[in-house]
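Participant: coordinates only, sequence not included:
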């Protein structure tokens, strides 16, 4: 494992108003390990979700921003005091009348400008190895949204072109005359997206293999690489592929070529993990990738991101749980658990029911 740094981002406290199950709640977090505990359905994940919003990525659970607002209300706010680069900052995210707004130290910002980073490990991340390619693309993109703020604008521009091309394919007729123009933009933007992703995956691969070897006692080798659809990574290749598959796309009425179909290929001892890994191997590889991402972020920014472990302890055995927490020492960790699980080292325990009793 890489040598640990002492610098880390952290959240010091949070105040919620009309956020999901919370009419009003506030709590403080400690450096190091924080365990949020309580029965299912009491709001543990809601609290971690609120912390995660500070990354500017939105929620991993809600497809619509209105879902974040407490039932019967029209306005929600989440206010946090966080430390970034050794300086305390005030971050706020609010939803009012269906619109979202972020501020930092009272100044309106774009969500990509919060500067706060988190690594999330929730039950869905256990599908990172054996799930669909969409899961792995989202893993790469969410990491890059935090590490490279300019990547978000690039990704949105690409997604907008794909949406327009899809609309043209479905409408047909004269709209098909726009396909060459869309194809050129898809090729150029896609090449830039692939370049960002490929650089990230190269760094992840180096760290993840070290982690995986340690967890498997040196018995297994983990290989991770960026895989482009039909070897179409550079603009010229993609342009040629788009021309070759134009009639196929018209018949299918959807975009078949582009980086929105690319993947992160994962192998264990030279065999495709998605097809051949056991459940235990897949979970070890998932833990390795999450741990590796945290290390990559530290190496890039000089401080560890906050690690959020939401309801994954029940899905992992003692060895993998211990590895996750032990390798997060030196940074801040937020863990949700039904029981006040006692950590091997010092930890701050937050009972979620005490937050529900908080009055405004």
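Facilitator: Looks like it came in fine. Model, not experiment: these values are computed from the prediction.
Participant: tell me which element the most centrally placed residue in the chain is part of?
Facilitator: Centroid-nearest residue in the chain, with CA atoms, centre = their mean: residue 142, separated by 4.2 Å. Under the criterion DSSP states H and E, the helix or strand holding residue 142 is helix 133-147.
Participant: next one: the helix or strand just after that helix to chain centre, how far?
Facilitator: Heading C-terminal from helix 133-147, the first helix or strand you meet, by DSSP H and E, is helix 149-171. Here helix 149-171 is found 20 Å from its chain centre; the criterion is CA atoms, centre = their mean, to the nearest Å.
Participant: Past helix 149-171, which element shows up next along the chain?
Facilitator: Per DSSP H and E, helix 149-171 leads on to helix 179-215 as the next helix or strand towards the C-terminus.
Participant: neighbours of residue 122, just the number please.
Facilitator: Residue 122 is surrounded by 19 other residues when neighbours are defined as other CB atoms under 10 Å. For every residue, glycine as well, the C-beta is placed using N, CA and C.
Participant: Which elements pack onto the helix holding residue 142?
Facilitator: Contact here means 3 or more CB pairs under 8 Å, 6 or more residues apart in numbering; DSSP states H and E; on that basis helix 133-147 packs against helix 149-171, helix 179-215, strand 263-268, helix 279-301.
Participant: out of these, nearest to residue 74?
Facilitator: For these, proximity to residue 74 was assessed by CB to CB; helix 149-171 is nearest, at 27.0 Å.
Participant: Output the below-cut-off pLDDT ranges for this protein.
Facilitator: Judged against pLDDT under 70, the low-scoring parts of the chain cover residues 1-6, 230-234, 341-344, 356-360.
Participant: hmm, back to that, where does the residue nearest to the residue nearest to the centre of the chain when sequence neighbours are not counted fall, secondary structure wise?
Facilitator: Of all residues not flanking residue 142 in the chain, residue 57 sits nearest, at 5.7 Å (CB to CB, 6 or more residues apart in numbering). Following DSSP H and E, one finds residue 57 outside all helices and strands.
Participant: contacting residues for residue 57?
Facilitator: For residue 57, the contacting residues are 111, 142, 145-146, by CB atoms under 8 Å, 6 or more residues apart in numbering.
Participant: measure it to residue 145 for me?
Facilitator: The gap separating residue 57 from residue 145 is 6 Å, by CB to CB, to the nearest Å.
Participant: do residue 326 as well
Facilitator: Per CB to CB, residue 326 is found 28 Å from residue 145.
Participant: And these two? Which one has more around it.
Facilitator: Looking at residue 326 and residue 145 with other CB under 10 Å, you find the greater number of neighbours at residue 145, namely 20 against 11.
Participant: give me every residue that touches the more buried one.
Facilitator: Here residue 145 is in contact with 55-57, 112, 151-152, 155 (criterion: CB under 8 Å, 6+ apart).
Participant: ok, the closest residue to residue 129 other than its chain neighbours - contacts?
Facilitator: The shortest distance from residue 129 to any non-neighbouring residue, by CB to CB, 6+ apart, is to residue 282 (4.2 Å). With contact set as CB under 8 Å, 6+ apart, residue 282 has these partners: 126, 129-130, 273.
Participant: Any idea how many residues pack against residue 243?
Facilitator: By other CB under 10 Å, 13 other residues sit near residue 243.
Participant: just checking, it touches residue 183?
Facilitator: Yes - in terms of CB atoms under 8 Å, residue 243 counts as a neighbour of residue 183; the distance is 7.4 Å.
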